[in-house]
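# Pasting a predicted model and its sequence here:
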Amino acid sequence: MRFMVIERFRDAAAVYRRFDERGRMNPEGVRYLDSWVAADGSHCYQLMECEKEADLQPWIDAWSDLVDFEVVAVTDSAMAEKCFGP
């Protein structure tokens with residue numbers, strides 16, 4: 001499954017310091033696909049892939065002192081059209 005993870009930074013400088021020191025810290029089975037950062041640096045949208053949402057929890061726990069998370073299961077437009085289209 002794919003998940004759009006919306007990260008709202010409490011301290012962006014601290015987030016980037018930790019990233020430089022430790023990397024993304026993905027748990028086994030969680031794959032980073034892509035990300036986009038808001039122009040003002042306040043938050044990030046990360047596209048992640050794993051078997052189930054619970055697989056993201058160790059990663060969220062590793063960052064939760066600096067970041068507030070929202071996780072949304074997503075699919076691509078072609079699959080959505082098959083599931084929800086006419």
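Yep, it's here.
# What segments of the chain are helices?
12-22, 57-63, 77-84 (DSSP state H).
# Out of those helices, which gets nearest to Gly41?
Distance to Gly41, taken as Cβ to Cβ, is lowest for helix 12-22 among those, at 5.0 Å. From N, CA and C alone the C-beta is placed, and that goes for glycine too.
# Go through the helices of the chain and name the closest to Met48.
Closest among those, using Cβ to Cβ: helix 57-63, at 8.0 Å.
# what does the closest one rub up against?
Outside helix 57-63, the residues that touch it by Cβ atoms under 8 Å, 6 or more residues apart in numbering are 7, 15, 18, 24-27, 30, 69, 71.
# Look up how far Arg18 lies from Phe9.
11 Å (Cβ to Cβ, to the nearest Å).
# what ranges of this structure fall below the confidence cut-off?
Residue ranges of the chain with pLDDT under 70: 79-80.
# returning to what we had before: which residues are in contact with each of Phe9 and Arg18?
Leu66.
# buried sites along stretch 53-66?
55-56, 59-60, 62-63, 66 (16 or more other Cβ atoms under 10 Å).
# OK, contacts around Phe3?
By Cβ under 8 Å, 6+ apart, the contact list for Phe3 reads 47-50, 53, 56, 71-74.
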